[in-house]
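[1] Sequence and predicted model, in that order:
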Amino acid sequence: MTTNRIIRGGMRHRILALAGAAALLAAACGGGTASPTPGATAAPPSAAGPSAAPVSSPDVGYTGPEATITYSIWGDPAEIKSQQAVVDAFHAVNPKITVKVTVSDWDTYWDKLQTGIAGGDAPDVFAMDGPLYPDYQSRDVLLDLKPYIDRTGYDLGQLADEAVADFTTADGQFGLPRDLNIVVLYYNKAMFDAAGVAYPDDTWDWAKLVEVGKQLTIDTNGDGKTDQWGFYTETSDMENYWSSLVWQNGGDIIAPDRKSTLLGSDAAVGGLQFLQDLIWKEKVMPEPAAFAEIGDAFEQGKAAMEANGSWLVPTHLAAGINLGIAPLPKGPAGRATSINPTGAVVYKGSKSPDAAWEFVKYLASPAAQTRLMELKASLPANKEVLAGPYSASFDGAKVLADAIAYAHIKPSFRGYNDFTTALQTELDANVFNEPSKTARQAIDDVLAALNGILAGQ
Amino acid sequence: MTSLRRPAARRGGPLGGEGRWALLFLAPTILGLTVLSAGPILATLGISLTKWDLLRPPQFVGFDNFVQLAHDDRFLKALRNTIFYTVVSVPLGLTVSLGLALALNQTIRGIAWIRTAYFLPVVTSTIAIALVWQWIYAPDAGLLNQVLGLVGIPGRKWLIDPTLAMPSIVIMSVWQGLGTNIIIFLAGLQAIPSELLDAASVDGAGRWARFRNVVLPLLTPSMFFTGVLSLIGSFQVFDQIYVLSRPRPTDATITVVYFIYENGFKFFKMGYASAASWILFIIVAVFTAVYFRSQGRWVHYQ
């Protein structure tokens, strides 16, 4: 739930390093004055997007009275700047709507949101994490955007389908995706070159990962302790790597009705076991405790490969790593990775729902998405921007964009925090941090509790 | 408007106008306590009898939450950890700070600076302190393991090993809290009249006898006061846990307040969290009451 956000929070230390990115942003702002009116789905200057043929839109934009709306997000300084630039550009094309941005760190964000809703004083528009969406939507606090979509003829087809689906519920559309997070294999080209090993590519499978991982796990000074690890990932959240391993092994995590877990299957357990083996049997990856307090081993130049999310691209680049990006190695059941959208949702009690809708729509527009993309921290949800400018924006971006084709959506269900806390407490303590149980024993021990949580929702 | 005259008539009474002044000066606190503490406390009692996700109206469920808590292994573990933390950190903290206060109660050059140094952790945010201790406790590159390594002792996973995690947090917290206790003890020590100590010396009392029979008894009010503060504070231990055991406490370090926070704000179980906070409230009240009743047996007011 929080690991990746903490890593993203860790970017705080790199504000200076990101000054370059800020310059890019400034450039983007300068060019933004000519952005098209929201809703008008004209193609951006760069691309002839074949998929998004402009719909004959009856959308005339915002016609209501002057309004001020609040927009709450979590994020680090770089994201905040970027979002503020988007808000300013929105105000330039919608002078009748003023948007006030409030920002919190990940944990505070949710505390404030819940107390705000309880007190009837929630932000009009707020960021929503895919997995937590059902916990909010099912409690009837989000505005159904379907009537607005129908009324303005908004084309949902211009946004990544999986991401749109994550905010779709049987009775409506309760948000639009803003950006996507996807998991890939990062590699340090310098370390591969030094060892004379070929870079990872799309032919790689689990066995190859272990084989090369061993080649690149090196005790450089001969003191009996490993100085360079072949591989690194985080184990404390399914998104970082292990959910992908479960899927690559033919397993799954949550039943389609979201009332029970499928982690008890041999295929699912096999995925978890592979990760335990990378640490404790193959020893190509440091035990999680070794880096728990000091951060990412790959970023610090102590590991040659890392399976992790797209949010780490700016961090790794800022660390000066000669960065390569490849698809995750295939498992016995084929290729799979994890995709997790962040959406923008509207509070049901909003006093200015029309203005809020106008803004949510703008956040998903090519103009806003192009700006957001400059951060390199996430993938744009807008198909045109994704296929065009994003894929060409940095070395490896296309690998990230292409991964969407075989990605599974990060499980999203009621009781998500409760479930993952119970599950990870068991896995961290007994499978990953210490190999005191096999993945099978641990899952068997926690299965009843997990199903109890899901059934109790 | 006859009431206006009444104070004049009362002026000669026991407290007279002073009583009113006292009330006036107490008013901000009384008002604050009623509105900001008593109100919410009573509200939690109501909430603890409901199932409430904070987002929709609460449903009344009677004592279900309390029954469920009694069978919740995680809560029981949090309770055990919290009691362990309190039982170890309070006596340890008091003993160490008393020793340091005695050492600091000297007239040597630079003593003010040394006292300030001990007080620094108190005015430093727990978050900052916890981050520094995180580096001290880190398994590989951590300061503690590096130092141990120099003398040939193998490093440990201080915050992860289930038997070491809680003691490690106790040590950090005791260190952090030393300053407050030391200040109170120093004030207590300096309030001891030197005539009493001189008289004891004249009667032939040695250093230990003077400490045991004069200093210690006269310090008991200070000990009682720091004791009650530490006791209540310890039961509410949260921020160290929150920072040191990220991303979540392994259950080795979960405490009751963390449990309350997690259930209330992460699991959408505000009713359950309120019930847990009432159990904590009752436990703290019982401990404090017992502690206060023990006062007569060991606390000596001059």
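    Nice, thanks for sending it over.
[2] CA only for contacts and neighbour counts going forward, please
    Will do.
[3] Show me chain A divided up by domain.
    A:3-180+A:341-393, A:182-339+A:411-455 (automatic domain parsing).
[4] Any buried residues in stretch B:97-116, and which?
    For stretch B:97-116, burial by neighbour count (16 or more other CA atoms under 10 Å in any protein chain shown) applies to B:Ser97, B:Leu98, B:Leu100, B:Ala101, B:Leu104, B:Asn105, B:Arg115.
[5] Quick check, the residue in the stretch 351-457 of chain A closest to chain B?
    Residue nearest to chain B within the stretch 351-457 of chain A (CA to the nearest CA): A:Asp418, separated by 5.3 Å.
[6] quick one: which of the buried residues of stretch B:97-116 sit in strands?
    Counting by DSSP state E, the buried residues of stretch B:97-116 place none of their members in strands.
[7] Identify the residue nearest A:Thr220 in space, chain neighbours excluded?
    With CA to CA, 6 or more residues apart in numbering or on different chains as the criterion, A:Thr220 has its nearest non-adjacent residue at 6.0 Å, and that residue is A:Asp227.
[8] Quick check: the gap between B:Leu280 and B:Ala70.
    To B:Ala70, B:Leu280 is 13 Å away according to CA to CA, to the nearest Å.
[9] ok, these two, which is more surrounded?
    Neighbour count, other CA atoms under 10 Å in any protein chain shown: between B:Leu280 and B:Ala70, B:Leu280 has more, with 19 against 11.
[10] Report the distance from the helix ranked longest in chain B to the chain centre.
    Across chain B, the helix with the greatest residue count (assigned by DSSP state H) is helix B:73-104. Distance of helix B:73-104 from the chain centroid (CA atoms, centre = their mean, to the nearest Å) equals 9 Å.
[11] helices or strands next to it in the packing?
    Judged by 3 or more CA pairs under 8 Å, 6 or more residues apart in numbering or on different chains; DSSP states H and E, the packing partners of helix B:73-104 are helix B:64-70, helix B:111-123, helix B:162-190, helix B:216-235, helix B:256-261.
[12] mind exporting stretch A:196-209 as PDB, just the C-alpha atoms?
    The C-alpha trace of stretch A:196-209 is given here as PDB (Å, rounded to 0.1, in the frame of the first residue of the first chain):
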ATOM      1  CA  GLY A 196      30.600  -8.600 -20.400                       C
ATOM      2  CA  VAL A 197      27.000  -9.800 -20.000                       C
ATOM      3  CA  ALA A 198      24.300  -9.100 -22.700                       C
ATOM      4  CA  TYR A 199      21.500  -6.700 -21.600                       C
ATOM      5  CA  PRO A 200      18.100  -8.100 -20.600                       C
ATOM      6  CA  ASP A 201      15.600  -8.400 -23.400                       C
ATOM      7  CA  ASP A 202      12.200  -9.700 -24.100                       C
ATOM      8  CA  THR A 203      13.400 -13.300 -24.400                       C
ATOM      9  CA  TRP A 204      14.300 -13.500 -20.700                       C
ATOM     10  CA  ASP A 205      12.500 -15.900 -18.400                       C
ATOM     11  CA  TRP A 206      12.900 -16.700 -14.600                       C
ATOM     12  CA  ALA A 207      15.800 -19.100 -15.200                       C
ATOM     13  CA  LYS A 208      17.700 -16.500 -17.200                       C
ATOM     14  CA  LEU A 209      17.100 -13.900 -14.400                       C
END
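[13] Could you list the low-confidence segments of the stretch 351-457 of chain A?
    Within the stretch 351-457 of chain A, no range satisfies pLDDT under 70.
[14] Would you mind listing what in it touches chain B?
    Applying CA under 8 Å from any CA of the partner chain, we find that the stretch 351-457 of chain A lies next to chain B at A:Gly415, A:Asn417, A:Asp418, A:Thr421, A:Thr425, A:Asp428, A:Ala429.
[15] Okay, and which of those map to helices?
    Short answer: those in helices (DSSP H) are A:Asn417, A:Asp418, A:Thr421, A:Thr425.
[16] Please see if the helix or strand harbouring A:Lys100 touches chain B.
    Take DSSP states H and E as the rule and A:Lys100 turns out to sit in strand A:97-104. No - Strand A:97-104 does not reach chain B (CA under 8 Å from any CA); its nearest approach is 15.2 Å.
[17] quick one: contacts of that strand?
    A:66-75, A:80, A:84, A:87, A:91, A:109, A:355 (CA atoms under 8 Å, 6 or more residues apart in numbering or on different chains).
[18] Most neighbours of all the residues you listed, which one?
    A:Ala355 (27 neighbours).
[19] got the contact list for that one?
    A:Ala355 neighbours (CA under 8 Å, 6+ apart): A:Tyr62, A:Gly64, A:Ala67, A:Ile69, A:Ile97.
[20] A:Glu66 too?
    The contact partners of A:Glu66, by CA under 8 Å, 6+ apart, come to A:Lys96, A:Ile97.
[21] before we move on, what about A:Pro411?
    A:Pro131, A:Ile253, A:Ile254.
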